[in-house]
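Novice: Give the three-dimensional model of this entry:
(chains A and B)
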Amino acid sequence: MNVSSWLLWGFVSTIVLTTILAGSQGLGMTRINIPYLLGTIITPNRDRAKIIGIVIHLVNGWLFSLLYVAAFQSLGVASWWFGAMIGAIHASFVLAVAMPAMPGMHPRMANEQYGPTVVRQLEPPGFLALNYGYQTPTSIVLAHMVFGGILGAFYSIT
Amino acid sequence: MNLHANIQDHAVIGDGRSAALVSQEGAVDWLCWPRFDSPALFGALVDTRAGGFWIIRPTAPSRTRQQYLQGTNVLQTGFENEAGAVVLTDFMPADFEEQKQRMLFPEHELVRRVWCERGECKLEIRFVPRGDFGRRVVNFRDAGALGLRAQQAATLITLRSDVKLRPIDGDWFAEFALKRGEHADFSLSYSAEGPAVVPPLGELVDRKLATTCDWWRDWAQRARYHGPYKEQVIRSSLIIKLLSFAPSGAMIAAPTTSLPEIVGGDRNWDYRFCWLRDAAFTARAWFGLGHEEEGNAFVSWLLHATRLTRPELRVVYDVYGNRVPRERELAHLDGYLDSIPVRIGNAARNQLQLDIYGEVIEAVVQSLDGNKKPDRETQRMLRQFGRYVCDHWRDPDNGIWETRDDRKHFMHSRLMCWVAVDRLLQMHERGQLARVPAEEYRRIRSEVRWEIEERAWNAGLQSYTQTFDGDALDATALLPAFYGLETPGSFRMQQTFERVLGRLSPAAGLLYRNERDRAEGQGAFAMCGFWVAEFLARGGGTLEEAQRCFEHCLELGNNVGLFAEEIDAESSDAIGNFPQLFTHIGLINAALSLEERAKQEHKPQIEARRAAAGEYV
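Specialist: Numbers count the residues shown, from 1 in each chain, chains lettered A, B, ... in the order given. Model (predicted):
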């Protein structure tokens, strides 16, 4: 494995992914704010949550890029289309499996059946995170495909 | 269902970002989210059919009474009928900063709680939201335990309710009963960020209500006002706090648009923006009441907002200092009592008002608290404004009342140019402002004074007039005595006062802005009534005369102490946008002058009493 290439392009692709998601929020495609979602696991303070969330998201992105790199290494293929394909699978998993399971993992997230409580007040994402806007799945799939595409295009297999 | 409620039959609630108007019938008739100048979600005030509203009230006809909880902007509307009595409490939650860091809270929230005080009451709810001033139906979907949800573009509006609502043609209704001691809670929240905070009801509403009351009371009791009419002054301070946009310190003129200056007429303007013409009066009110934090935030906003256009100033800015939207008419709305058109945006953005330079400079001076020296950037800005005034003070403009016809040489605009150079010179002489062309300022100050004294004084009328070489009277003719160009007791000011009162005052406490307003059938300008009281308090009359006039003005407020822009001279109905910042600022400043005058008059008596008691004086 090419560690330096992974560190560099894993970081770059995570930055691009975060920017695309923030841009989709700014453009009115979705309300999802991943740093806020992650940061509120640690603190209810809105401003601090966003900062902590950015750090968690960057570390997450780096770690996830390790899985992409492992796939490139094992198949001996690293190209933009292969990376984008892994990104699409990754995003589908996040939307269809991880997001609906969020209320069980997030200490401040309400449950669709029981509603909010004093501690759990954040709206759950629901299937495909559609609760955060109808175009949320599109922006998340797109962002992850770009993430994988950059990694696949620039990572050098050893 | 006729939902029309007169302007004065409303009270306002808010959170320093947006505001809602609630009628005595328990209807939220006005709410723009997420900002004061955003499109209305409820706009029944300008169209009862298409505007949207949210009403909670007994099904049986009831006697109603509104009041604010003491020292807060938490509103209670009481309903009483033969079956019982209920109290509807409306508020937008406020909380202390340290507390906000420890808990989740929605970006924007309006909370309503209805509580049965006596007997058993049947109530109805009608929740009829409309997007974008009634141009769009807002589709709410029942999301079970998460409440009713409406996603529009990248925003979410959620209604959580203790009562199950049923949909009929896209709107939501319910009837329910409450017995003595029972209550039902409702929370309407807005979010532009996911995941949104979906607030629970019950215990948390108890907590929010208590915290909101604490927050407002803690703020209100910081006022250093010990003069007469304290309750009304504190109410006005609470209203102007509510009309200040907390993130930037900007102050909007009113939270509404197109409430008419003439009922049934077309003088309907959007006031949800920030006018610089109010700057000096606003700063005086904040600093005079001892609310330095708000005063400094406001002056900081002035400096920030004007940064991009300096040295030229725009007449009006939005809450972040941007240009206000161009004026547009909403032809689909019927207007308040058929007063059309309903307008959004404001054409005053293209006008020229030379008075605003004096306003901004005077506001900065008040923020400096004596001999404090402004920072280099502020000094630079003040010099730029001084240069602009020196180059342009002879130009005609649209004047303080923003007349839309030809530009004229308004006396008030010249007065404020005099204030601009006079205050800059005073700062220079106190060592607060370096590198100014002092000689040029002195020369221009003399020339402006000479022009006002020669050309704005009408010897035939024996009065200062609205414009140079004119014969029309204007309430601003009283203002030379407020800014030190004249003393209130001077011959000219006394004569002017007599003429202005004679021609522009239809009754005690009422004063038209000018003769044109009176001829057109507009209402008396509420703030100008307070100017009369202030003129008397500053030395234009006796303390008793000033107090009597002030009391007449106060009688014209609504049942919770709120004032619109204007007052109908015959019916005493409120007209124009509501509640109006300028009017409440006028009330506070008149009260501050009364307090000062009372102190001066009572000082010799107090000193004599102390001397008699052997105290050191």
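Novice: Going by C-alpha atoms from here, please, whenever you check contacts or count neighbours.
Specialist: Fine.
Novice: Pull out the buried positions in the top helix by length along chain B.
Specialist: Counting by DSSP state H, the longest helix found in chain B is helix B:581-612. Applying a neighbour-count criterion of 16 or more other Cα atoms under 10 Å in any protein chain shown, the buried positions in helix B:581-612 are B:581-595, B:597-598.
Novice: Does residue B:149 fall in a helix, a strand, or a coil region?
Specialist: At residue B:149, secondary structure determined by DSSP: H, G, I helix; E, B strand; the rest coil is strand.
Novice: So it sits against residue B:155, correct?
Specialist: No. With contact defined as Cα atoms under 8 Å, residue B:149 does not count as touching residue B:155 (10.4 Å).
Novice: Got the domain ranges for chain B?
Specialist: Following automatic domain parsing, chain B resolves into domains at B:7-220, B:230-605.
Novice: will you turn those into JSON lines that also has distance to residue A:141 and mean pLDDT?
Specialist: Converted to JSON lines, the domains of chain B look like this (distance: least, Cα to Cα, whole Å; pLDDT from 0 to 100):
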{"stretch": "domain B:7-220", "distance to residue A:141": "17", "mean pLDDT": "95"}
{"stretch": "domain B:230-605", "distance to residue A:141": "35", "mean pLDDT": "95"}
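Novice: Would you mind giving those domains as a markdown table with distance to chain A added?
Specialist: Converted to a markdown table, the domains of chain B look like this (distance: least, Cα to the nearest Cα, whole Å):
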| stretch | distance to chain A |
| --- | --- |
| domain B:7-220 | 4 |
| domain B:230-605 | 14 |
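Novice: Switch the ones you listed over to CSV; also include distance to residue A:153.
Specialist: Listed next are the domains of chain B as CSV, based on distance: least, Cα to Cα, whole Å:
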stretch, distance to residue A:153
domain B:7-220, 32
domain B:230-605, 43
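Novice: and residue A:23, which of the ones you listed is closest to it?
Specialist: Nearest to residue A:23 among these is domain B:7-220 (12.0 Å), distances taken as Cα to Cα.
Novice: Straight-line length of that closest one, end to end?
Specialist: Using Cα to Cα, to the nearest Å, the end-to-end distance of domain B:7-220 comes out at 26 Å.
Novice: low-confidence ranges in chain A?
Specialist: Counting by pLDDT under 70, chain A shows no low-confidence range.
Novice: which parts of it sit against chain B?
Specialist: A:25, A:28-33, A:36-37, A:43-46, A:112-118, A:121-125, A:132-133 (Cα under 8 Å from any Cα of the partner chain).
Novice: what do you get if the cut-off is 6 Å, keeping everything else the same?
Specialist: With the criterion set to Cα under 6 Å from any Cα of the partner chain, chain A comes near chain B through A:28-33, A:44-45, A:113-117, A:121-123, A:132.
Novice: Kindly write the ChimeraX command that selects the buried subset of those residues.
Specialist: Buried members of the residues of chain A next to chain B, defined by 16+ other Cα under 10 Å, are picked up in ChimeraX with:
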select /A:29,30,31,32,33,44,45,115,116,117,121,122,123,132
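Novice: Counting residues, which strand of chain B comes out longest?
Specialist: Counting residues, the longest strand in chain B under DSSP state E turns out to be strand B:108-128.
Novice: What strands line up against that strand, and which way round?
Specialist: Using DSSP bridges, strand B:108-128 pairs in its sheet with strand B:53-58 (antiparallel), strand B:84-91 (antiparallel), strand B:171-179 (antiparallel), strand B:183-191 (antiparallel).
Novice: May I have it as CSV, with CA atoms only?
Specialist: Below are the C-alpha coordinates for strand B:108-128, written out as CSV (Å, rounded to 0.1, in the frame of the first residue of the first chain):
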residue,chain,number,x,y,z
HIS,B,108,-36.8,29.4,15.3
GLU,B,109,-39.8,28.5,17.4
LEU,B,110,-43.2,29.9,18.3
VAL,B,111,-44.8,28.3,21.3
ARG,B,112,-48.5,28.5,22.2
ARG,B,113,-50.0,27.1,25.4
VAL,B,114,-53.8,27.2,26.1
TRP,B,115,-54.7,26.7,29.7
CYS,B,116,-58.2,26.4,31.2
GLU,B,117,-58.5,28.6,34.3
ARG,B,118,-62.2,28.0,35.1
GLY,B,119,-65.1,25.8,34.1
GLU,B,120,-64.8,23.7,30.9
CYS,B,121,-64.2,25.3,27.5
LYS,B,122,-64.6,23.9,24.0
LEU,B,123,-61.8,25.3,21.7
GLU,B,124,-61.0,25.3,18.1
ILE,B,125,-57.7,25.4,16.2
ARG,B,126,-57.4,26.4,12.6
PHE,B,127,-53.9,26.1,11.2
VAL,B,128,-53.8,27.7,7.8
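Novice: helix or strand right after it?
Specialist: Proceeding N to C from strand B:108-128, the next assigned helix or strand is strand B:130-131, under DSSP states H and E.
Novice: Name the next helix or strand downstream of that following strand, please.
Specialist: strand B:136-137.
Novice: Output the contacting helices and strands for that following strand.
Specialist: On a contact count with 3 or more Cα pairs under 6 Å, 6 or more residues apart in numbering or on different chains; DSSP states H and E, strand B:136-137 meets strand B:130-131.
Novice: got a list of contacts for the strand it packs on?
Specialist: Residues from elsewhere that reach strand B:130-131 (Cα atoms under 6 Å, 6 or more residues apart in numbering or on different chains): B:41, B:52, B:136-138.
Novice: Identify, from those, the entry nearest to residue B:539.
Specialist: Once Cα to Cα is applied, the member of these that ends up nearest residue B:539 is residue B:41, at 47.6 Å.
Novice: Many thanks, we can stop here.
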